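Asker: what would the 3D arrangement of this be:
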Amino acid sequence: MTPFLQNLNFPELPENQASWAPLLWTPVLGSEERFMIGVVAEYKEKVTVHQILPNKILKVLYPRKNQEARSIIDFVIDVLNKQEVSEIDSLVHPISGISTGRKYRTFCDDLEDLIEQAIMDQSSLISPEEYRRISNIETKNKVQPLQKFRREVKNIVTSKNSNLENFFEKDLFYQNFSIRYDFLSPNFVCQFGILKEESKGDNINSLKQRLFDLNLCEKNKKRCVIADCSASISYENAVYSMAKTMDVSFFKANSSQDAADIFLEELKAA
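Answerer: This is a model prediction of the structure:
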């Protein structure tokens, strides 16, 4: 061995051993067309699935049907995450055309590092840098307002009837996974959502996903979605049309108080 190689120090591997696999979608069954729509991560004895395709890519791939494509992708990833398995091979795909690619073992600093490794290795539609930027924006603009709206409605409702608190944020087990409902009682099930002008696309997709969840609930229950549409103009029409086809009631609220009032009226009528 030369003196140069003897003195060469290789960097240490990251401390976390993990695995990942690409989540693949075949939009046209029977064809060989496949898109990597997500990363399946096996990290610290827990499997999580992460969506990686930004809306702007879907608009290029499907100029007229990008909203439908987004709804399918969000639905699949949500269902997979609710299965709560510890190994990638244990996942059960909810619809045809979805598959898991080859499983890769690696070392990573954290979960975000694992996802970015997968993107760098397998995805040509998005870069790790863009994924990081999009994830930060979605965390700030979508999740927090929805959580705030849910919390406010729950607090108003339970302040009037504390007995209802046990029915909020309940899980319903369906086949091999569980579904989280904002409110689930023997006769009534309800989901909450928001429609904001600055992130209307993400909000609509989120509401459509919640409609899919309601569609899996027992048909003998009264089912409804109540959304804060105070900052929306007309985008709620897309959600209303979908709700009607699923026999789910859709209500537009102008505030948390308004949503709580609608909720209590519908619960009373159930």
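
Asker: helices along the stretch 101-250 of the chain, start to end?
Answerer: With DSSP state H, counting those that start in this stretch as the criterion, the stretch 101-250 of the chain has helices at 111-122, 128-138, 144-160, 200-215, 236-245.

Asker: any chance of JSON lines for those helices, columns distance to E12?
Answerer: Backbone N, C-alpha and C define where each C-beta goes, glycine included. Listed next are the helices of the stretch 101-250 of the chain as JSON lines, based on distance: least, Cβ to Cβ, whole Å:
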{"stretch": "helix 111-122", "distance to E12": "15"}
{"stretch": "helix 128-138", "distance to E12": "21"}
{"stretch": "helix 144-160", "distance to E12": "37"}
{"stretch": "helix 200-215", "distance to E12": "39"}
{"stretch": "helix 236-245", "distance to E12": "51"}
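
Asker: what ranges of the chain fall below the confidence cut-off?
Answerer: In the predicted model of the chain, residues 1-11, 13, 136-143, 175-177, 197-202, 231-236 satisfy pLDDT under 70.

Asker: who's in contact with the spatially most central residue of it?
Answerer: Residue closest to the mean C-alpha point of the chain, counted by Cα atoms, centre = their mean, is D78 at 4.5 Å. D78 sits next to Q209, F212, D213 when contact means Cβ atoms under 8 Å, 6 or more residues apart in numbering.

Asker: tell me the most buried of the helices of the stretch 101-250 of the chain?
Answerer: Comparing these by mean neighbour count (mean count of other Cβ atoms under 10 Å), helix 200-215 ranks first with a mean of 21.

Asker: got the angle for that one vs helix 236-245?
Answerer: Comparing the axes of helix 200-215 and helix 236-245 via axes from the mean of the first three to the mean of the last three Cα atoms, to 10 degrees yields an angle of 10 degrees.

Asker: name the helices or strands packed onto helix 200-215?
Answerer: helix 66-81, strand 177-184, strand 188-196, strand 222-231, helix 236-245 (3 or more Cβ pairs under 8 Å, 6 or more residues apart in numbering; DSSP states H and E).

Asker: list the strands paired with the helix or strand containing L23, with their directions.
Answerer: Using DSSP states H and E, L23 sits within strand 16-25. Strand pairing for strand 16-25, using DSSP bridges, gives strand 35-43 (antiparallel), strand 98-100 (antiparallel), strand 104-108 (antiparallel).

Asker: okay if I get the ones you listed as CSV plus mean neighbour count and distance to P63?
Answerer: Compiled in CSV, the strands paired with strand 16-25 are given as follows (neighbours: other Cβ atoms under 10 Å; distance: least, Cβ to Cβ, whole Å):
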stretch, mean neighbour count, distance to P63
strand 35-43, 23, 15
strand 98-100, 17, 23
strand 104-108, 16, 33
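
Asker: picking up where we left off before, mean neighbour count, the helices and strands packed on helix 200-215: which tops it?
Answerer: Highest mean neighbour count among the helices and strands packed on helix 200-215 (mean count of other Cβ under 10 Å): strand 188-196, a mean of 24.

Asker: list the neighbouring strands of that one plus their orientation.
Answerer: Strand 188-196 has the following strand partners under DSSP bridges: strand 177-184 (antiparallel), strand 222-231 (parallel).

Asker: in a markdown table, list those along with distance to V92.
Answerer: Shown next, in a markdown table, are the strands paired with strand 188-196 (distance: least, Cβ to Cβ, whole Å):
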| stretch | distance to V92 |
| --- | --- |
| strand 177-184 | 8 |
| strand 222-231 | 25 |
